[in-house]
Structure formats: structure tokens, C-alpha cells
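Engineer: Okay, predicted coordinates and the sequence, questions at the end:
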Amino acid sequence: MVLTINGVVEDEKTVTIGPDETTSVSFEVTAGEAGEYSVDVNGMTGSFSVKGIIPGFPVESIIISIVLAVIVLWLIRRQR
């Protein structure tokens with residue numbers, strides 16, 4: 001099974017099943033930006049929308065948070 005999003009192959013899985021068997025196949029993707037996306041899995045088509053991206057916590061954000069916390073604590077101690 002081949003997953004394409006907006007015409008670009010994103011993932012591929014090989015599935016083997018016997019006669020009269022069924023199985024589920026799932027793909028997990030991460031959209032990098034807001035927008036409309038068309039999806040195709042072996043001729044089965046669909047679409048999804050991304051309204052906004054929830055920001056993660058990259059290392060830079062953690063470092064900035066720690067620096068700001070240290071500055072706030074320093075200012076509080078200085079005022080005493």
C-alpha cells in the first residue's frame with residue numbers, strides 16, 4: 001500500500017493476508033503547515049484540512065523559558 005499526499009509518496013507498507021481475512025492498515029503523518037491536503041492510498045482518495053499547527057516545545061523554547069525564569073527570580077530577589 002502506498003500513501004501519497006498532494007501527489008508525493010509519504011509512506012509505503014507491505015501487507016499480506018490470506019483468503020477471507022481482513023486487516024486494518026494505518027499511516028501516521030505530520031502536516032508541517034496549515035492548508036488542504038489530498039490523500040491517495042492505492043486509488044482510495046480523500047482529503048484533510050489543517051487549520052493551525054500546535055507548536056511543540058523545541059529546545060530553543062525550553063532554553064528561553066529557563067532564561068526568563070532565572071531573570072524573573074533575580075528581579076524578585078533584587079527587589080527585596
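Structural biologist: Received it, and whenever you're ready, just let me know what you need.

Engineer: which sections of the chain are below the confidence cut-off?
Structural biologist: Along the chain, segments meeting pLDDT under 70 span 31-32, 52-72, 74-80.

Engineer: Report the beta-bridge partner residues of Ile5.
Structural biologist: Ile5 forms beta bridges with Val8, Val39, as assigned by DSSP bridges.

Engineer: And the helices in this structure, which stretches?
Structural biologist: 59-79 (DSSP state H).

Engineer: so Val41 makes contact with Leu3?
Structural biologist: Yes: counting by C-beta atoms under 8 Å, Leu3 is a contact partner of Val41 at 5.3 Å. From N, CA and C alone the C-beta is placed, and that goes for glycine too.

Engineer: Which residues are in contact with each of those two?
Structural biologist: When contacts are counted by C-beta atoms under 8 Å, 6 or more residues apart in numbering, the set common to Val41 and Leu3 consists of Phe27.

Engineer: And the two? Which one has more around it.
Structural biologist: Set side by side, Val41 and Leu3 show more neighbours around Leu3, with 19 against 16, by other C-beta atoms under 10 Å.

Engineer: What's the separation between that one and Leu73?
Structural biologist: Per C-beta to C-beta, to the nearest Å, Leu3 is found 49 Å from Leu73.

Engineer: Repeat that for Pro19.
Structural biologist: For Pro19, the distance to Leu73 (C-beta to C-beta) stands at 68 Å.

Engineer: ok, now Glu36?
Structural biologist: Distance, Glu36 to Leu73, using C-beta to C-beta: 46 Å.

Engineer: Also Gly35?
Structural biologist: Distance, Gly35 to Leu73, using C-beta to C-beta: 41 Å.

Engineer: Kindly report the same for Ser47.
Structural biologist: With distances taken as C-beta to C-beta, Ser47 is found 49 Å from Leu73.

Engineer: do Glu28 as well
Structural biologist: The gap separating Glu28 from Leu73 is 40 Å, by C-beta to C-beta.

Engineer: Likewise for Thr30?
Structural biologist: Thr30 is 36 Å from Leu73, where distance means C-beta to C-beta.

Engineer: So which of the two has more stuff around it?
Structural biologist: Legend: neighbour count by other C-beta under 10 Å for Thr30 and Leu73, higher for Leu73 (10 against 7).
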